[in-house]
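Novice: No letters, just coordinates:
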């Protein structure tokens, strides 16, 4: 399934996924030497990576010409974003209401997961 590795709120595993995102985010914050939560305004960039289904590949393992470049099936981008921002609230950012700017994308990648960058706006 193309969504394998990405969990949304409607999924019974959403809490576990949010917990893992929060742990990785807290670790990244600590390694960067950031001692306080971001207090905004913030720009948050998120790229959600999905593994490709077998149907995208030829019998020899190459990518079919007809394979889509963009991930345009469920889950939807807003639900993914909500789950990730919930995981960041109180861990990296003070509150998700402090985010007036998002850069969002969902695509296919070799390692399913999410890449997140938080930047303070001037």
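Specialist: Nice, I can see it. Since the structure is predicted, the reported quantities are computational estimates derived from the model, not experimental observations. Numbering: from 1, shown residues only.
Novice: isn't residue 101 right next to residue 42, touching?
Specialist: Yes. Applying Cβ atoms under 8 Å as the test, residue 101 and residue 42 come out as touching, 7.3 Å apart. Every C-beta, even on glycine, is put in place using the N, C-alpha and C of the backbone.
Novice: intersection of neighbour lists for these two?
Specialist: residue 121 (Cβ atoms under 8 Å, 6 or more residues apart in numbering).
Novice: what about the two, which has more around it?
Specialist: Using other Cβ atoms under 10 Å, the more surrounded residue of residue 101 and residue 42 is residue 42, with 20 against 11.
Novice: how about the strands in the chain?
Specialist: Using DSSP state E, the strands of the chain run over 42-50, 101-108, 113-120.
Novice: Tell me which of the ones you listed sits nearest to residue 24.
Specialist: Between residue 24 and these, the shortest separation by Cβ to Cβ is 8.8 Å, and it involves strand 113-120.
Novice: ok now the closest one, how far from the chain's centre?
Specialist: Chain-centre distance of strand 113-120: 8 Å, with Cα atoms, centre = their mean, to the nearest Å.
Novice: quick one: buried residues of that strand?
Specialist: 113-114, 116, 118 (16 or more other Cβ atoms under 10 Å).
Novice: Run through who's touching it.
Specialist: 5-6, 21, 25, 38, 40-49, 80, 84, 88, 92-93.
Novice: Of those residues, grab the buried ones for ChimeraX.
Specialist: ChimeraX command restricting those to the buried ones, with burial defined by 16+ other Cβ under 10 Å:
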select :5,6,21,25,38,40,42,44,46,48,49,80,84,88,92,93
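Novice: still on that earlier bit, report the lowest-confidence entry in the buried residues of strand 113-120.
Specialist: Lowest pLDDT among the buried residues of strand 113-120: residue 113, with 92.
Novice: if we can go back for a sec, JSON lines for the buried residues of strand 113-120, including distance to residue 106?
Specialist: What follows is the buried residues of strand 113-120, written out as JSON lines (distance: Cβ to Cβ, whole Å):
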{"residue": "113", "distance to residue 106": "11"}
{"residue": "114", "distance to residue 106": "9"}
{"residue": "116", "distance to residue 106": "13"}
{"residue": "118", "distance to residue 106": "18"}
